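Participant: Sequence first, predicted coordinates after that:
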Amino acid sequence: MADLPLARLHLLKPAFYSTGVDCFGPFIVKVSRRNEKRWGVVFKCLTTRCVYLNIFNSVDADSFLMTLRRFIPRRGKPYELLCDQGTNFRGSNRELCEAFASLTNDLKLLLAKQKIRFQFNPPGAPHFGGAWEQEIRSIKTALNITLGSQTVTEEVLRTILVEVEGILKAKPLGYVSSNLADLDPVTPNYLLMGRPDSSLPQVVYPESDLLTRRRWRYSQVLADRFWSCFLKYYLLNLQTRQKWQKQAANLADGRVVMLLDPQLPRASWPVGRVLRVIPGADGRVRTAEVRINGRVYTRPVT
């Protein structure tokens, strides 16, 4: 497993300076008398571990750009966005680059420092974004247990996601001492706001309030259930390091390799030749360009 990337080690920089972003869902919400789909998006600061959750109506470039506009006034403009090869992220990058290219030279000089650098992971390599993929897994697992097959309104879903965001930002980043005289543990909220936690105390209602028509109590019961699932399924797994414990020989140029394609039968996986390897900062090769039948693919060595 590689050392931490530079995006995880920025010092004296504001929160969300280097941000990982991804989408999850969909969720079914009740709008009037019909059901509609909503998706969630998570922005995660790779240095302070702060998160920002929001929802949007469709997985396209326009919806993501509007979500990004809502994110920037609240948390500040990130220097770089790390994401996968989603069409909404690719489309947003292309849209912003085209808008910047259409400006005059004077405006380009003024706005050059305001550009956001998109850094895309190789195709088929979700482990390159493990910092925010792990967060999404914990959110989805707990929300699936919390909501189940229930159909809630968009207002209730938005409230639950904000409550979940507060729970994730309140988790300690290191060892928590049992001695009350010791200092408070560092949390993302502490790094973001300069104080331990400014949220209201959690309201605990009985499970029977799931059947009530009071949406406030309904959202609080669901948030409390998420907290229980978060403690049970997520915090225990923070210290595990399950794979990539031993070093293997680096992939070399000209090596004949097989490209694993889950959509094809095992006997039909294509065979190609490594055109160029892309080493990381530590010299280990984790990405390579492979030529297969005249086409070049960028794939992780896994």
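Facilitator: That came in fine, so what should we check first? Residues are numbered from 1 along each chain as shown.
Participant: mind checking the SS state of P123?
Facilitator: Classification of P123 by DSSP: H, G, I helix; E, B strand; the rest coil places it in coil.
Participant: which ones are touching it?
Facilitator: Going by C-beta atoms under 8 Å, 6 or more residues apart in numbering, P123 touches Q85, Y297, T298, R299. In short, each C-beta sits where N, CA and C put it, glycine included.
Participant: Same question for K108.
Facilitator: Applying C-beta under 8 Å, 6+ apart, the residues near K108 are F100.
Participant: Distance of it relative to A101?
Facilitator: Using C-beta to C-beta, to the nearest Å, K108 is found at 8 Å from A101.
Participant: on that earlier part again, could you flag which of the contacts of P123 are buried?
Facilitator: Y297, T298, R299 (16 or more other C-beta atoms under 10 Å).
Participant: got the buried residues for the helix or strand hosting K44?
Facilitator: Assigned by DSSP states H and E, K44 belongs to strand 34-45. Buried residues in strand 34-45, counting neighbours by 16+ other C-beta under 10 Å, are found at R38, W39, G40, V41, V42, F43, K44, C45.
Participant: The first one contacts T153, doesn't it?
Facilitator: No: taking contact to mean C-beta atoms under 8 Å, the distance of 10.5 Å between R38 and T153 leaves them out of contact.
Participant: which neighbours do the two share?
Facilitator: Common neighbours of R38 and T153 (C-beta under 8 Å, 6+ apart) are V29.
Participant: can you pull out the helices in the stretch 101-250 of the chain?
Facilitator: Ranges of helices in the stretch 101-250 of the chain, per DSSP state H, counting those that start in this stretch, are 105-111, 130-147, 154-169, 188-193, 215-233.
Participant: following the last one, which helix or strand comes up?
Facilitator: Secondary structure here is assigned by DSSP H and E; on that basis, the next helix or strand after helix 215-233 toward the C-terminus is strand 256-258.
Participant: Which residues does the next helix or strand along the chain from that following strand contact?
Facilitator: Later in the chain than strand 256-258, the nearest helix or strand by DSSP H and E is strand 271-279. Contact partners of strand 271-279, identified using C-beta under 8 Å, 6+ apart, comprise 250-259, 285-293, 296-298.
Participant: Can you tell me the strand partners of the lengthiest strand in the chain and which way each runs?
Facilitator: Ranked by number of residues, the top strand in the chain under DSSP state E is strand 18-31. For strand 18-31, the pairing partners within the sheet under DSSP bridges are strand 34-45 (antiparallel), strand 80-83 (parallel), strand 152-153 (parallel).
Participant: Output those strands in CSV; the columns should cover mean pLDDT and distance to I72.
Facilitator: Formatted as CSV, the strands paired with strand 18-31 follow (pLDDT from 0 to 100; distance: least, C-beta to C-beta, whole Å):
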stretch, mean pLDDT, distance to I72
strand 34-45, 90, 10
strand 80-83, 91, 11
strand 152-153, 85, 27
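Participant: Tell me which of those strands lies nearest to G91.
Facilitator: strand 80-83 (11.8 Å; C-beta to C-beta).
Participant: where's the closest one relative to the chain centroid, distance-wise?
Facilitator: Mean-position distance between strand 80-83 and its chain equals 10 Å (C-alpha atoms, centre = their mean, to the nearest Å).
Participant: in this structure, which helix or strand is least confident?
Facilitator: Lowest mean confidence among the helices and strands of the chain (mean pLDDT, DSSP states H and E): helix 215-233, at a mean of 63.
Participant: ok, the most centrally placed residue in the chain - contacts?
Facilitator: Residue closest to the mean C-alpha point of the chain, counted by C-alpha atoms, centre = their mean, is W132 at 3.5 Å. Residues counted as contacts of W132 (C-beta under 8 Å, 6+ apart) are G20, V21, D22, V42, K44.
Participant: where's the second one relative to P78, distance?
Facilitator: Counting by C-beta to C-beta, the gap between V21 and P78 amounts to 9 Å.
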